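A.B. asks: just need the structure, nothing else, for what follows:
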Amino acid sequence: MNHFLDIHLTDPADLRAMIDNARAMKTARNGRGQAAPDDHQPLDGRMVALIFEKPSTRTRVSFDVGVRQMGGQTMVLSGSEMQLGHGETIADTARVLSRYVDMIMIRTYEESVLQELAEYADVPVINGLTNRTHPCQIMADVLTYEEHRGPIAGKKVVWVGDGNNVCASSLHAAGQFGFDFTFTGPPPLDPEREWLDFARGKGSTVEVVRNPHEAVAGADLVVTDTWVSMHDSQSTRGRRHNQLRPYQVDERLMAAAKPDALFMHCLPAHREDEVTSAVMDGPHSVIWDEAENRLHAQKAIMRWCLGV
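C.D. replies: The predicted structure is shown next:
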């Protein structure tokens, strides 16, 4: 049984196998291969619990569709329905769910909830997002980059803005897939030192550069994310906008990267805040492929978790 809790906790060879499997399934499903690797319905007869303490569009739809494409069924549960840790412990919830379903995906707030669920579950657990990391998104990002530009190893990826949970998983991927990573953003929003050190310890060149135009020089990929969360207070939103305004990804900033650099954003985006519409809809942007690839990457992750 394999849990998929974080990229830095997963063997690089397994990560590579997932990316390759995702690409094969996507190619075959789009009619460019012999037979789709999921044609034999590897999740036939399987039930997957999808737990959402945090609201979701892409995560919910992509996991639900992915399970169904592979012949399985889903049970979608909200945080209010589950009341994780309120009344019944997370450990007991994990034990009970393991008697009903074959796999659990959870999108939650605290990393400790994910960890306790995985510790006591007898079925694979997948991290659909926590406040600290978002590994499924970055697996889709690696898949997207490689289908457009080839191997990501040795490339320069620049993260612009807030060193948040998606940024953390990108640093994990830098270490595991062998690409270099530059963060540019205000000091209060730097990524955790632990994640910077992880990527450096794996041999990646990792830099923190305050000037965004200097940071993106020579970039193969420029990535940003929303400046605010739906749960941030108005005062927090105002403060973050003031801090991050110099780090908006616009056409001038993209022009400082390599001519063939790609732009990614995990969505949803706030147009004209962290990124302009001209960049989102422009020639560097691959955000719609990136969104689609959540489906293919997560199908590969689920198959790896179940060994099918």
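
A.B. asks: give me phi/psi at the residue nearest the centre of the chain?
C.D. replies: When the chain is reduced to its mean C-alpha position, the closest residue under C-alpha atoms, centre = their mean turns out to be residue 137, at 1.6 Å. Per-residue torsions, residue 137: phi -60, psi -40 (degrees, to the nearest 10).

A.B. asks: which residues does the nearest residue to it once chain neighbours are set aside contact?
C.D. replies: Once flanking residues are discounted, residue 137 sits nearest to residue 266: 4.9 Å by C-beta to C-beta, 6 or more residues apart in numbering. Every residue, glycine included, has its C-beta placed from N, CA and C. Residue 266 makes contacts with 58, 134, 137, 141, 166, 225, 290, as judged by C-beta atoms under 8 Å, 6 or more residues apart in numbering.

A.B. asks: can you rerun that using 7 Å?
C.D. replies: Going by C-beta atoms under 7 Å, 6 or more residues apart in numbering, residue 266 touches 137, 166, 225.

A.B. asks: just to revisit the earlier point, list the contacts of the residue nearest to the centre of the chain.
C.D. replies: Contact analysis of residue 137 by C-beta under 7 Å, 6+ apart lists 166, 169, 266, 294.

A.B. asks: so what's it scoring on pLDDT?
C.D. replies: For residue 137, the model assigns a pLDDT of 98.

A.B. asks: ranges for the strands of the stretch 201-308 of the chain?
C.D. replies: For the stretch 201-308 of the chain, the strands defined by DSSP state E, counting those that start in this stretch occupy 206-208, 221-224, 262-265.

A.B. asks: buried set for the first one?
C.D. replies: I take that to be strand 206-208. residue 206 (16 or more other C-beta atoms under 10 Å).

A.B. asks: check the second one too.
C.D. replies: Applying a neighbour-count criterion of 16+ other C-beta under 10 Å, the buried positions in strand 221-224 are 221, 222, 223, 224.

A.B. asks: reformat those residues as JSON lines; add distance to residue 20 and pLDDT.
C.D. replies: Listed next are those as JSON lines, based on distance: C-beta to C-beta, whole Å; pLDDT from 0 to 100:
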{"residue": "221", "distance to residue 20": "20", "pLDDT": "99"}
{"residue": "222", "distance to residue 20": "25", "pLDDT": "99"}
{"residue": "223", "distance to residue 20": "22", "pLDDT": "99"}
{"residue": "224", "distance to residue 20": "27", "pLDDT": "98"}
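
A.B. asks: of those residues, which is the nearest to residue 153?
C.D. replies: Ranked by distance to residue 153 (C-beta to C-beta), the buried residues of strand 221-224 are led by residue 221 at 12.6 Å.

A.B. asks: what sits against the closest one?
C.D. replies: Applying C-beta under 7 Å, 6+ apart, the residues near residue 221 are 145, 155, 157, 261, 262, 264.
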